[in-house]
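> Need coordinates for the following:
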Amino acid sequence: MVMRSKEKPCFDLAMASSELSHPVVFTTTTQHVLPPSKYLIPAGWARFQLSQLINKTLALPQPTPFDFLVRGQILRGTIAEWCALNGVKEEETLEIEYFESLMPPKRLGSIEGEEWIGSVSCQAKGHILTGSYDSVVRIYDLSQNLLHSISGHTGPVTSVCWASPDSLTSRAVISGSHDGTARITPVPNLESQGSPQPLLSTASLLLHTSPLSSVAVNASGSHILTAGWDGLLGLFSTEIPQEDEAPLHVLKSHTGKITRGIFQKSGKTAYSCSMDSTIRMWDTELGVCTDTITANNRPMTDLAILSDETTLLASSSDRVVSLYDLRQATQSGPPPVLPHPSFPSTLCAHPTSSHKVASGAYDGFVRMWDLRSMKSPVNVFEVASKKGKDGKKILALDWVQGLLVVGGEAAVDLWKVSENDEVTRS
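The predicted structure follows:
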């Protein structure tokens, strides 16, 4: 519940100077509630001074940094700058919500290997799933102990995911590879008995004539979506077949390599992005393309959807991540973008927040974004390089329950991130 200040006599904090002031009402969902009053705040104040005001007014025993939200935007400059940018007049009362700033991510450890990691998943609680360029899928616990290895592919594994990660009876790993196949591997017991246990794929999902870029499973765990460089998407059942399986539907419309296919979290819609500079939407029941978003000369490399399913994010070769509002029937004008200094290779939306996103890039940095303030990331951190090697390209991200897992040239990094739905500040 948001605590709001009521109309009472103003505290004029600009009286001692000739500086212009602005009327402000503060709200918060935290335990640190200011007295219910309207404040006349010096227009030149920014986050630091506002944070000091809260600390001093409440006489907090330990200095506590705060962030501030004004009409859905995080305050990054002064109040005067925000008002000028948004056309707010001097006498208009601003409602400013404040909340505690959060600690930056903390590195928990890493899993080193000799080969690149093309894909990671932490959707099965307490476990890390990886797909490697040595053609092997591996399962680790959070202490970085290897529990299982899965063989069967004959090319680099570029995508992995779980089918029913929380089920004890129907848990399985789905993997896609440069060998042109997707495979289903049952995992009867996640915990290893002593030494790491080898597992074998039971069957291949056959469709593609080129490398696979991604595999995905829908929210109910009933269907698999494969995406390939041959421009095709395949829809398969997750029921483990006794022999190699053909798709239920083949989705055709792209004219270039498909780089990612994902399911909508609810419903029966899928999305795909491609090097043909388009995003396509699919009815998976009918197996047809229902809509297309075209971005001229912007080959797309990865795709993610926000938790509230209102917005698609697509990374592209021109070093930006574009945002597409699915609530709009047509995309009017260029989309808003998240700028990057290096090629953004992978995206991951926060599992529950509708405004938090992580991106990984070829410069070896993970950038964490709050979509209420898009000019720059709210936090940037660098993955560890392999000992004796310079390569640190990031190829994969996954994010769940306060854990962010990073995969790439430097193997696998595990990071603890805050789960509060606020801003993380470095």
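> Check which helices and strands the helix or strand harbouring C289 sits against.
Using DSSP states H and E, C289 falls within strand 288-294. If contacts are counted by 3 or more C-beta pairs under 8 Å, 6 or more residues apart in numbering; DSSP states H and E, strand 288-294 sits against strand 278-283. Bear in mind the C-beta positions are built from the backbone N, C-alpha and C, glycine included.
> The strand it packs on pairs with which strands?
strand 269-274 (antiparallel), strand 288-294 (antiparallel) (DSSP bridges).
> Could you say which of those is packed most deeply?
Most buried of the strands paired with strand 278-283, by mean neighbour count (mean count of other C-beta atoms under 10 Å): strand 269-274, with a mean of 26.
> Can you tell me what sits against that one?
Defining contact as C-beta atoms under 8 Å, 6 or more residues apart in numbering, one finds that strand 269-274 is touched by 216, 225, 227, 231, 233, 235, 251, 254-264, 279-284, 290, 299-303, 305, 312, 314.
> Drop anything exposed from those residues.
Neighbour counting by 16 or more other C-beta atoms under 10 Å classes 216, 225, 227, 231, 233, 235, 251, 254, 257-264, 279-284, 299-303, 305, 312, 314 among the contacts of strand 269-274 as buried.
> Just give the number of residues close to T330.
As a burial measure, T330 scores 6 neighbours (other C-beta atoms under 10 Å).
> thinking again about what came up before, turn the strands paired with strand 278-283 into TSV, including mean pLDDT.
TSV is the format used below for those (pLDDT from 0 to 100):
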stretch	mean pLDDT
strand 269-274	98
strand 288-294	95
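> so which of those strands comes closest to G408?
Smallest distance to G408 across these (C-beta to C-beta): 19.8 Å, for strand 269-274.
> what separates the closest one from the chain centre, distance-wise?
Counting by C-alpha atoms, centre = their mean, to the nearest Å, strand 269-274 is centred 16 Å from the centre of its parent chain.
> now swap in stretch 261-280 and tell me
Between the centre of stretch 261-280 and the centre of its host chain there is 16 Å, according to C-alpha atoms, centre = their mean.
> part of a strand, is F48?
No. Under the criterion used here (DSSP: H, G, I helix; E, B strand; the rest coil), F48 is helix, not part of a strand.
> and the gap between the residue nearest to Q73 when sequence neighbours are not counted and V357?
Residue nearest to Q73 in three dimensions, not counting chain neighbours: R372, with 5.5 Å by C-beta to C-beta, 6 or more residues apart in numbering. To V357, R372 is 11 Å away according to C-beta to C-beta, to the nearest Å.
> any chance you could map the strands in the stretch 301-426 of the chain?
Ranges of strands in the stretch 301-426 of the chain, per DSSP state E, counting those that start in this stretch, are 311-316, 320-325, 337-339, 344-349, 356-361, 365-370, 379-382, 394-400, 403-408, 411-416.
> what pairs with the shortest one, and is each one parallel or antiparallel?
Its sheet considered, strand 337-339 pairs with strand 320-325 (antiparallel) by DSSP bridges.
> Just the mean pLDDT for the partner strand, thanks.
Throughout strand 320-325, pLDDT has a mean value of 96.
> Now it - C-alpha only, CSV.
Only the C-alpha atoms of strand 320-325 are listed here, as CSV (Å, rounded to 0.1, in the frame of the first residue of the first chain):
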residue,chain,number,x,y,z
VAL,A,320,20.7,-1.4,-29.6
VAL,A,321,17.9,-3.3,-27.9
SER,A,322,14.5,-2.1,-29.4
LEU,A,323,11.2,-2.1,-27.5
TYR,A,324,8.0,-3.0,-29.3
ASP,A,325,4.6,-2.4,-27.6
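> and it, which residues are buried?
Residues of strand 320-325 classed as buried under the neighbour-count rule (16+ other C-beta under 10 Å) are 320-324.
> Would you reformat those residues as JSON lines and include distance to Q331?
Shown next, in JSON lines, are these (distance: C-beta to C-beta, whole Å):
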{"residue": "V320", "distance to Q331": "15"}
{"residue": "V321", "distance to Q331": "15"}
{"residue": "S322", "distance to Q331": "10"}
{"residue": "L323", "distance to Q331": "10"}
{"residue": "Y324", "distance to Q331": "6"}
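> what about the protein, any weak spots by pLDDT?
Counting by pLDDT under 70, the chain has low-confidence residues at 1-18, 165-170, 192-194, 385-391, 419-426.
> got the domain boundaries for it?
3-100, 106-416 (automatic domain parsing).
> most packed of those?
For those, the highest mean count by mean count of other C-beta under 10 Å goes to domain 106-416, at a mean of 19.
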